[in-house]
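Peer 1: Here's my sequence, what's the structure:
(4 chains)
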Protein chains: 2
Amino acid sequence: MDKAPEVFDRLLEITVLLQKDLARSFETNGLTLSRTHLLWELHRLSPSTQQRLATALQVSPRNVTGLVDALVATGFVIRAPHPHDRRATLVTLTELGSATMTEMASQRVQLSQHLVAGLGDEGVTHLVLGLDTVAERRRVLVDEAGRAEAPEPA
Amino acid sequence: MDKAPEVFDRLLEITVLLQKDLARSFETNGLTLSRTHLLWELHRLSPSTQQRLATALQVSPRNVTGLVDALVATGFVIRAPHPHDRRATLVTLTELGSATMTEMASQRVQLSQHLVAGLGDEGVTHLVLGLDTVAERRRVLVDEAGRAEAPEPA
DNA sequence: TATTGTTATACTCTATAACTATA
DNA sequence: TATAGTTATAGAGTATAACAATA
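Peer 2: The predicted structure follows:
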């Protein structure tokens, strides 16, 4: 009974569903998945240039321009000139943006606890260990593929 | 050291990365994530009406029309009239589509095994148990939210 | 010369609404 | 009357390329 072959499919299926759940819940706040993702990174990165956000999100600078435009229009962030580099813009969370992210952080903690309810401390530890292993192995694979100049995993 | 609060974030992060990896590898075959998703469902559902695909993918019928158009144009599927219902269309994998999905299935098995390498049989069992628990708990949450008529998890 | 962000352009995914042809 | 699929329309996300201002 080797269950390894199914791991990837289960991981993908669960998270696709969770993402759709999330997207639906964001709509309530007038947010989309991509915009929320940016906001979430900004929550960590404090005031940040768009360049930095583009790198963090692994997305084109042009894309960030559009997302920030929308978030400015809806009042979640503001643009301000960079104090030392007049080419750059600093994007900052407004109070609304900040409050929304704080709220979301606490909802995520709650959600996490719901999701693992019934596993027990040991079960959770095993799950996290498993997820970390997967993340690490993925990184190794990507590195190898990158070095071979031939992206190949599917 | 309660690790439960992080479970959701880790799950999301890993799968977002895996999805991007996947999308990149699909490009090699002239496929996108959504089109591959449809192909993957079709691999299970044999000849299928577009309506059924729309339900399986949780997507609008109009959307399926577009995806199938693209897959027909690139030779992965064909449309054929439904034998008993002249309103409906049956979508079927071509040899190319079928071969591509078979190949992908085997690549996913390989990828899965890579991803859990180092965990050991027991570790894998724990991981799968954890993922199943999460999936089950999510289902319960969605049901509850649905009954309360107020989608609420975040 | 290199970098930051923008305008221009284009493609994909997605949705709703109105319509056609069946059932 | 209800269902299967399409046309029409629209908005969001994404990318590349060309360009402006600045470093």
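Peer 1: For residue A:136, grab phi and psi.
Peer 2: Dihedral pair for residue A:136: phi -70, psi -40, per degrees, to the nearest 10.
Peer 1: What about it, how many residues nearby?
Peer 2: Neighbour count for residue A:136, taken as other C-beta atoms under 10 Å in any protein chain shown: 13. C-betas here are computed from N, CA, C, even on glycine.
Peer 1: and what of residue A:31?
Peer 2: Residue A:31 has 23 neighbouring residues, counting by other C-beta under 10 Å.
Peer 1: Am I right that it is in a strand?
Peer 2: No: assigned with DSSP: H, G, I helix; E, B strand; the rest coil, residue A:31 falls outside any strand and is coil.
Peer 1: Averaged over its residues, which helix or strand of chain A has the lowest pLDDT?
Peer 2: helix A:7-27 (a mean of 89; mean pLDDT, DSSP states H and E).
Peer 1: What residues of it count as buried?
Peer 2: A:7-8, A:10-12, A:14-15, A:18, A:21-22, A:25-26 (16 or more other C-beta atoms under 10 Å in any protein chain shown).
Peer 1: outside of the helix or strand following it, which residues touch it?
Peer 2: Using DSSP states H and E, the helix or strand that follows helix A:7-27 in sequence is helix A:33-45. Residues outside helix A:33-45 that contact it (C-beta atoms under 8 Å, 6 or more residues apart in numbering or on different chains): A:19, A:22-23, A:26, A:31, A:48, A:52-53, A:56-57, A:64, A:67-68, A:70-71, A:76-77, A:91-93, A:97-98, A:100-101, A:104-105.
Peer 1: of these, list those near DNA strand D.
Peer 2: Among the contacts of helix A:33-45, the ones lying near DNA strand D by C-beta under 7 Å from any atom of the strand are A:67, A:70.
Peer 1: Near DNA strand C, which residues of chain A are found?
Peer 2: Within reach of DNA strand C by C-beta under 7 Å from any atom of the strand, chain A has these residues: A:49-51, A:54, A:61-62, A:64-65, A:68, A:79, A:82, A:85, A:87-89.
Peer 1: Counting neighbours, which of these end up buried?
Peer 2: Buried positions within these, assessed by neighbour count (16+ other C-beta under 10 Å), are A:49-50, A:54, A:64, A:68, A:89.
Peer 1: hmm, which two among the residues you listed are most spread apart?
Peer 2: Set against one another by C-beta to C-beta, these have their most distant pair in A:54 and A:89, with a gap of 12.0 Å.
Peer 1: Off-centre distance for stretch A:87-105?
Peer 2: Mean-position distance between stretch A:87-105 and its chain equals 15 Å (C-alpha atoms, centre = their mean, to the nearest Å).
Peer 1: ok, it near chain B or not?
Peer 2: Yes: counting by C-beta under 8 Å from any C-beta of the partner chain, chain B is contacted by stretch A:87-105 at A:103-104.
Peer 1: Spatially central residue in chain A, please.
Peer 2: Nearest to the mean C-alpha position of chain A, counting by C-alpha atoms, centre = their mean, stands residue A:37 at 4.9 Å.
Peer 1: Strands along chain A, start to end?
Peer 2: Taking DSSP state E, the strands of chain A run over residues A:48-49, A:77-81, A:89-93.
Peer 1: Tell me the strands beside the shortest one, with direction?
Peer 2: In this case it means strand A:48-49. Within its sheet, and counting by DSSP bridges, strand A:48-49 is paired with strand A:89-93 (antiparallel).
Peer 1: Can you mark which positions in the partner strand are buried?
Peer 2: For strand A:89-93, a neighbour-count test (16+ other C-beta under 10 Å) marks A:89-91, A:93 as buried.
Peer 1: who's in contact with that strand?
Peer 2: Contacts of strand A:89-93 (C-beta under 8 Å, 6+ apart): A:39, A:42-43, A:46-50, A:53, A:68, A:76-82, A:101.
Peer 1: Any residues of chain A in contact with DNA strand D? List them.
Peer 2: For chain A, the contact set with DNA strand D under C-beta under 7 Å from any atom of the strand comprises A:32-35, A:58-60, A:62-63, A:66-67, A:70, A:84-87.
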